[in-house]
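Student: coords below, sequence missing:
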């Protein structure tokens with residue numbers, strides 16, 4: 001009886017060992033299949049749906065334009081008409097450089113351009129020479145004028161006319177010199193190139209500015225509109241059309257923008273394409289530097 005029980009126990013152990021071995025084989029085969037098929041499945045997913053893992057792309061709102069105001073002239077700063085954070089209009093006077101020498105030159109050029117004595121003298125001389133020539137022509141009809149006198153009178157009249165022309169041209173040159181001085185004076189007045197905001201004024205009155213300064217006189221930004229620059233995969237960027245309205249998300253609200261630029265060049269390092277979106281901001285409700293996101297439709 002005891003022998004029979006032992007034989008039965010040995011058989012049960014053998015069956016358990018066989019079943020355990022089969023289970024280990026199945027587990028090993030399953031793991032091997034997953035190891036082999038996982039890259040294939042992943043590659044298939046990335047190929048058919050490359051953006052399934054990321055539905056939005058983030059960027060930051062930026063000023064549409066940033067300009068550093070400076071001057072090619074090395075001169076003292078006479079006046080600054082704006083301060084940090086001030087809103088300015090296009091053409092508004094921001095600062096003025098020293099203009100005392102130019103103002104004196106302009107006054108002198110104005111007087112010179114207004115002089116007309118040389119012109120009046122030349123006109124009077126022409127009138128006199130014309131009358132003399134007419135008189136000689138009348139005498140010549142009766143045979144009382146000598147040919148040499150006629151030639152001399154005609155020559156003198158031509159010279160008088162040339163003198164008048166020279167006087168007129170001289171006055172025109174003086175007017176042009178005045179225009180040049182006026183332009184130089186205007187260049188000493190630094191104006192805003194667009195509607196914007198003064199970010200920082202770096203110099204004070206009486207300081208020397210311009211020339212080869214590393215630091216600009218002041219910095220302006222244009223906050224209406226703003227822009228957002230995204231770097232998108234090629235398959236997403238190029239189907240997008242310029243001037244097409246798009247909706248962004250920023251600060252928990254929807255933002256409407258317009259595609260302004262799509263780069264024709266793919267970045268070799270990242271494999272992305274630069275897309276610039278123009279965003280109207282008439283009330284300056286959107287803050288430059290804020291984060292925004294663009295939803296990508298899976299392809």
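Tutor: Cool, got the structure. Bear in mind the structure is a predicted one, so any value in this text is a computation, not a measurement.
Student: please report how far residue 210 lies from residue 94.
Tutor: Noted for residue 210: a distance of 14 Å to residue 94, by CB to CB, to the nearest Å. For glycine as for every other residue, the C-beta is placed from the backbone atoms N, C-alpha and C.
Student: where do the contact lists of the two overlap?
Tutor: By CB atoms under 8 Å, 6 or more residues apart in numbering, residue 210 and residue 94 have no common neighbours.
Student: what are the ranges of the strands in the chain?
Tutor: 56-69, 75-80, 87-88, 93-97, 189-191, 196-201, 208-209, 218-233, 245-250, 253-266, 272-279, 291-295 (DSSP state E).
Student: among those strands, which comes closest to residue 177?
Tutor: strand 189-191 (19.7 Å; CB to CB).
Student: give me the contact list for the closest one.
Tutor: 69, 71, 91, 92, 93, 94, 95, 96, 97, 217.
Student: before we move on, what about stretch 77-87?
Tutor: By CB under 8 Å, 6+ apart, stretch 77-87 touches 88, 92-99, 195-201, 203-209, 217-218.
Student: endpoint to endpoint, that stretch covers what distance?
Tutor: One end of stretch 77-87 sits 21 Å from the other (CA to CA, to the nearest Å).
Student: now, which of the contacts of strand 189-191 sits nearest residue 134?
Tutor: residue 91 (57.8 Å).
Student: tell me, how many residues neighbour the closest one?
Tutor: Applying other CB atoms under 10 Å, we find 10 other residues in the vicinity of residue 91.
Student: how about the nearest residue to it, chain neighbours excluded?
Tutor: Of all residues not flanking residue 91 in the chain, residue 191 sits nearest, at 5.4 Å (CB to CB, 6 or more residues apart in numbering).
Student: so who does the residue positioned nearest the centre of the chain touch?
Tutor: Geometric centre of the chain, nearest residue: residue 65, 5.9 Å, by CA atoms, centre = their mean. Taking CB under 8 Å, 6+ apart as the criterion, residue 65 is in contact with 194, 196, 221, 222.
Student: can you select the buried ones from those in PyMOL?
Tutor: Command for PyMOL, covering only those of those found buried under the criterion 16 or more other CB atoms under 10 Å:
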select buried, resi 196+221+222
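Student: now compare the contacts of residue 65 and name the two farthest from each other.
Tutor: Most distant of those, by CB to CB, are 194 and 221, 9.5 Å apart.
Student: overlap of the contact sets of those two?
Tutor: 65, 67.
Student: distance of the residue nearest to residue 170 when sequence neighbours are not counted from residue 132?
Tutor: Spatial nearest neighbour of residue 170, chain neighbours left out: residue 118 (6.7 Å); criterion: CB to CB, 6+ apart. Look at residue 118 and residue 132: by CB to CB, they are 21 Å apart.
Student: what is the burial count for residue 202?
Tutor: 16.
Student: repeat for the one 10 residues further on
Tutor: Using other CB under 10 Å as the criterion, residue 212 is surrounded by 7 other residues.
Student: could you pull out the helices for the stretch 101-250 of the chain?
Tutor: Along the stretch 101-250 of the chain, counting by DSSP state H, counting those that start in this stretch, helices occupy 117-141, 147-187, 234-237.
Student: gap between residue 281 and residue 66?
Tutor: In terms of CB to CB, residue 281 sits 15 Å off from residue 66.
Student: settle it for me: which of the two has more neighbours?
Tutor: Taking neighbours as other CB under 10 Å, residue 281 and residue 66 compare with residue 281 leading, 20 against 13.
Student: could I get the strands of the chain as a markdown table with distance to residue 166 and mean pLDDT?
Tutor: Below are those laid out as a markdown table (distance: least, CB to CB, whole Å; pLDDT from 0 to 100):
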| stretch | distance to residue 166 | mean pLDDT |
| --- | --- | --- |
| strand 56-69 | 44 | 93 |
| strand 75-80 | 37 | 92 |
| strand 87-88 | 48 | 96 |
| strand 93-97 | 37 | 95 |
| strand 189-191 | 36 | 94 |
| strand 196-201 | 50 | 95 |
| strand 208-209 | 43 | 89 |
| strand 218-233 | 48 | 94 |
| strand 245-250 | 65 | 90 |
| strand 253-266 | 56 | 92 |
| strand 272-279 | 57 | 94 |
| strand 291-295 | 68 | 91 |
